[in-house]
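Novice: The sequence and its predicted three-dimensional model are supplied below.
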Amino acid sequence: MSQAAQTAGGAGGAGGGGTIPIKKTRRELAEKVGEMISSDRNETHGDPHVQFHCAQRLKDVLNMKGKLERRSSHVEATDWICTKLSRIRHGNANEIDHWLDIAGYALIAAEACQEKG
């Protein structure tokens, strides 16, 4: 049984009602972010830096700005973080994927910092 499927107090939990999922530690959540941004994800989503550039070009076209210069991964990451923050504020703040996505975008920006040296 995966840790996410494990429950406190065994099957059925206390009182036989629903089950209570075991909370993940920060390290486990960070490992989940690592899995989300792994090379496997690159295969399904593309290289994040290239994808960010493409997404920005699409946004420019959709916004009719006509600008095709490349924005940095930092700018694209902050755009996505803002999108996620908006979803948290106006949607379900308890949706864990929003928070993990923010961590992932921040890690991609940090990676770009290392590449720039």
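Specialist: Okay, I see it.
Novice: gap between residue 32 and residue 57?
Specialist: As judged by CB to CB, to the nearest Å, residue 32 and residue 57 stand 30 Å apart. For glycine as for every other residue, the C-beta is placed from the backbone atoms N, C-alpha and C.
Novice: Now the residue nearest the centre of the chain: closest residue in space that isn't a chain neighbour?
Specialist: Centroid check for the chain by CA atoms, centre = their mean gives residue 101 as the closest residue, at 1.3 Å. Once flanking residues are discounted, residue 101 sits nearest to residue 84: 5.3 Å by CB to CB, 6 or more residues apart in numbering.
Novice: And for the one you found, the neighbour number?
Specialist: Close neighbours of residue 84, defined as other CB atoms under 10 Å, add up to 21.
Novice: Could you number the chain from 233 rather than 1 from now on?
Specialist: Right, with 233 as the first residue, what we last looked at is residue 316.
Novice: Helix or strand: which one has it?
Specialist: helix 305-322 (DSSP states H and E).
Novice: Could you name the helices and strands sitting against that helix?
Specialist: helix 280-294, helix 328-348 (3 or more CB pairs under 8 Å, 6 or more residues apart in numbering; DSSP states H and E).
Novice: What residues sit buried inside the longest one?
Specialist: By neighbour count, with 16 or more other CB atoms under 10 Å as the criterion, the buried positions of helix 328-348 are 330, 332-337, 339-341, 344.
Novice: Mind listing residues that contact the helix holding residue 316?
Specialist: Contact with helix 305-322 is made by 280-281, 284-285, 287-288, 291, 327, 330-331, 333-334, 337-338, 340-341, 343-345, as judged by CB atoms under 8 Å, 6 or more residues apart in numbering.
Novice: lowest-pLDDT helix or strand in this structure?
Specialist: helix 271-277 (a mean of 67; mean pLDDT, DSSP states H and E).
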